[in-house]
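S.K.: model this:
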Amino acid sequence: MSSLNGFSQHSGTCITQRAEGGAVQDLQAKKAGKAAKKETSGNGVLTFESPPRVDTLLNETLKLLPDELKANVKVKSITPRPPRKPRLERAASLDEKNWKRWRRFRTSQESLTDPNETSSSNGSLQEAALTSPIRGRATPCSQCCEPNSLHSSPDASEESPVGKSKGSTSDLGKRASEISSAFGGLLRGKAFAGSKPRLSQIMPARPLPPMELNVASHTLRTANKIDPDLMDYRHYSQHKFGRVSNSLSDTRLHGNGIVYDNCSTDSMKSTFSLLTPIRSKDVRSRSYLEGSLLASGALLGAEELSRYFPDRNVGIFVATWNMQGQKELPENLDDFLLPTDPDYAQDMYVIGVQEGCPDRREWEIRLQETLGPHYVMLYSAAHGVLYMSVFIRRDLIWFCSEVEYATVTTRIVSQIKTKGALGICFTFFGTSFLFITSHFTSGDSKVNERKLDYNKTIQALTLPKVVPDTNPYRSSSGDVTTRFDEVFWFGDFNFRLNKDRETVDSILNQNPETGVSKLLAYDQLTSEMGRGSIFKGFQEADIHFRPSYKFDIGKDSYDTTSKQRTPSYTDRVVFRSRYRDDIQAVKYSSCPVIKTSDHRPVFALFRVKVRPGRDNIPLAAGQFDRELYLIGIKRRITRELQNRRQQKDQKSSSICSIS
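M.R.: I've put the predicted structure just below:
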């Protein structure tokens, strides 16, 4: 490799395959031919007769620069262009996003720390072209890019013995580096000034609109420090509201090239919502009136069911209470409808009442007020003083069929229907439900009459009417409970304990926990179900509560009147299913806090398996009691305001004592 003025061509700055590097090499080759004469000695060392002075070489080189530029180089000026509009492109990978984020941070630091107050965009672009891990551009030679390569290169010192003796090799390298950098600056349209190029400022054609303070984008709110806490809403929402992943997550939207950035995704859905955006093609292909069991567009199909119930289990609250016809209602129903043991409220609430209060509407308003705005009353029915109300979460009303009901009277002589049965049925997704509340014949010894009431109910209850049977092959025309997938039967069955009052009291007073199991040995209903004479195919959860009948009103003591009625488990909840293990009893208890009747309310919590269905059933289409909903919510708000006012008055009042 030929030498120039006693130093290697690779000394100083590494010259890559670029236009300015080639021009400098040609210029140096011409000067080397004029200034040096090659002589080959016996040992093969290259020497010069009269090495030229460095100053003379630099002057002559600078004189030749303009002529070479005119002959071989076309100088182009850089015209700043406005930024392009964002366009849809493929989603960047994680490495590209991290690298771009790092480059923006470095660029902002350079612009802030620039002593000449000049733009660093060109320098940043050069660095990006050299350091980008994505773009495969030419990079400098690894042997020449290290700092002080002239001093550290052993090849340069060995091939240039003249450089050792003559000295000032580093000065020559620095001068050549300055010449090459200046020459490259001319090719890029730079002047010989040492500062970085400064682009002209781009001004908008018209004034920008003012930014409002109520910006919905969490990015703008955080970047512009709108809120005093300066919090990152994206991090806050993901940390607090642990979002459930779904089929149309952000990563899948980016992967399919649907959106350009996170801002587009945020405009399609709420940060705090679990609802996924619906694509236009899905809406076009959907049919809410027809659909198969596993169709992706079916309203009651498997896909929609998995969205709301991934484990396909629904929580149901079933309760029964004999109100004894009392006009006075409990002040608070929270302990009854919302027990503290389960952490979450249930998806459905079904409440059956026997000997209900005279004002049925007021009772339903109190139920709505207690359950709050998350629930709506899907349906309610009455048969004399038998009431039943079905509440469901408001976002699940679209998956219910039309609701049907039927009644049976077991005491024909009485003008007021106090004994009988009331049944309500509907289909939820692909699972049919039947709820029956009954009030059987009373009396300690009237077991056969109660069995007759049961048989008459299963035969005379004409359900379903319009809603199709989900499995007609397993149905029986003589038993209404066989025509539904899940059946819950609850009420005042009036079955007693076959034991005298003194024995029952002694068992309860000795050990209340173990006494319950001893009392059930004398229970009439448990004995009859074991024989199969009543409630065939039904089950009952284990009982761990005290008898629910008969109490003195307003007290925790059992009957202290002259009749001295024996405490009994008259209020019960039983269930059956077409499929094994579809119903799991979670809790079975009573509510001893409510003391307005001689009966204690009894409730049970269940987890019920739900199956997908077809869209060919008559749908309720979101129907609910809107008037009741508005009244209940208004009552709830009024009660809350009153409680706050009372608390405020208590804090502001003070008691002065004079001693």
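S.K.: Every contact and neighbour count from this point should use C-alpha atoms.
M.R.: OK.
S.K.: Heading C-terminal from whichever strand or helix holds residue 516, find the next helix or strand.
M.R.: Per DSSP states H and E: residue 516 is located in helix 512-520. Following helix 512-520 in sequence order, the next helix or strand is helix 524-531 (DSSP H and E).
S.K.: hmm, back to that, identify the residues contacting the helix holding residue 516?
M.R.: Applying CA atoms under 8 Å, 6 or more residues apart in numbering, the set of residues contacting helix 512-520 from outside is 497, 504, 507-508, 526, 543-546.
S.K.: now those: which count as buried?
M.R.: The neighbour-count test (16 or more other CA atoms under 10 Å) marks 497, 504, 507-508, 543-546 as buried among these.
S.K.: Same list (these) but as JSON lines, adding secondary structure, distance to residue 634 and pLDDT.
M.R.: Output for the buried ones among the contacts of helix 512-520, formatted as JSON lines (DSSP: H, G, I helix; E, B strand; the rest coil; distance: CA to CA, whole Å; pLDDT from 0 to 100):
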{"residue": "497", "secondary structure": "strand", "distance to residue 634": "45", "pLDDT": "96"}
{"residue": "504", "secondary structure": "helix", "distance to residue 634": "47", "pLDDT": "93"}
{"residue": "507", "secondary structure": "helix", "distance to residue 634": "48", "pLDDT": "91"}
{"residue": "508", "secondary structure": "helix", "distance to residue 634": "44", "pLDDT": "89"}
{"residue": "543", "secondary structure": "coil", "distance to residue 634": "38", "pLDDT": "95"}
{"residue": "544", "secondary structure": "coil", "distance to residue 634": "38", "pLDDT": "93"}
{"residue": "545", "secondary structure": "coil", "distance to residue 634": "36", "pLDDT": "94"}
{"residue": "546", "secondary structure": "coil", "distance to residue 634": "37", "pLDDT": "93"}
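S.K.: Got the confidence number for the nearest residue to residue 578 once chain neighbours are set aside?
M.R.: Nearest residue to residue 578, sequence neighbours excluded (CA to CA, 6 or more residues apart in numbering): residue 485, at 5.1 Å. On the pLDDT scale, residue 485 is placed at 97.
S.K.: how about residue 485, what does it touch?
M.R.: Neighbours of residue 485 in contact, by CA under 8 Å, 6+ apart: 431-433, 470-471, 577-579.
S.K.: can you rerun that using 10 Å?
M.R.: Contacts for residue 485 were tallied using CA atoms under 10 Å, 6 or more residues apart in numbering; they are 427, 430-434, 469-471, 474-475, 576-579, 582, 610.
S.K.: In strands, which of the residues you listed appear?
M.R.: Judged by DSSP state E, those include 427, 431-434, 576-577 as members of strands.
S.K.: and of the residues you listed, the nearest to residue 451?
M.R.: Of all the ones in strands among the contacts of residue 485, residue 576 has the smallest distance to residue 451: 17.8 Å, by CA to CA.
S.K.: how near is that closest one to residue 582?
M.R.: As judged by CA to CA, to the nearest Å, residue 576 and residue 582 stand 9 Å apart.
S.K.: overlap in contacts of these two?
M.R.: 485-486.
S.K.: more neighbours, the two?
M.R.: residue 576 (23 against 16; other CA atoms under 10 Å).
S.K.: Next, the contact list for the closest residue to residue 478 other than its chain neighbours, please.
M.R.: Ranked by CA to CA, 6+ apart and with sequence neighbours excluded, the top spatial neighbour of residue 478 is residue 459, at 5.3 Å. Residue 459 makes contact with 408, 476-481, according to CA under 10 Å, 6+ apart.
S.K.: Just the element for residue 459, please.
M.R.: Using DSSP H and E, residue 459 sits in helix 447-460.
S.K.: Quick check: the residue found closest to residue 428 once you drop the neighbours it is linked to in the chain vs residue 425, distance?
M.R.: Using CA to CA, 6+ apart and skipping residues adjacent in sequence, the residue nearest residue 428 is residue 400, 4.7 Å away. Distance, residue 400 to residue 425, using CA to CA: 10 Å.
S.K.: Mind listing the shared neighbours of those two?
M.R.: Joint contacts of residue 400 and residue 425 (CA under 10 Å, 6+ apart) are residue 432.
S.K.: And residue 203, how far from residue 278?
M.R.: Relative to residue 278, and taking CA to CA, residue 203 is found at 40 Å.
S.K.: Which one's more surrounded, these two?
M.R.: residue 278 (11 against 8).
S.K.: In a helix, the more buried one, correct?
M.R.: No: counting by DSSP: H, G, I helix; E, B strand; the rest coil, residue 278 falls outside a helix, being coil.
S.K.: can you pull the pLDDT of it?
M.R.: At residue 278, the pLDDT recorded in the model is 72.
S.K.: Looking only at residue counts, what's the top helix in the chain?
M.R.: helix 626-652 (DSSP state H).
S.K.: other SSEs contacting that one?
M.R.: For helix 626-652, the contact count by 3 or more CA pairs under 10 Å, 6 or more residues apart in numbering; DSSP states H and E identifies helix 360-371, strand 375-383 as packing neighbours.
S.K.: Residue ranges in this structure under the pLDDT threshold?
M.R.: 1-79, 83-99, 102-103, 105-198, 210-276, 282, 285-297, 413-416, 512-513, 653-659 (pLDDT under 70).
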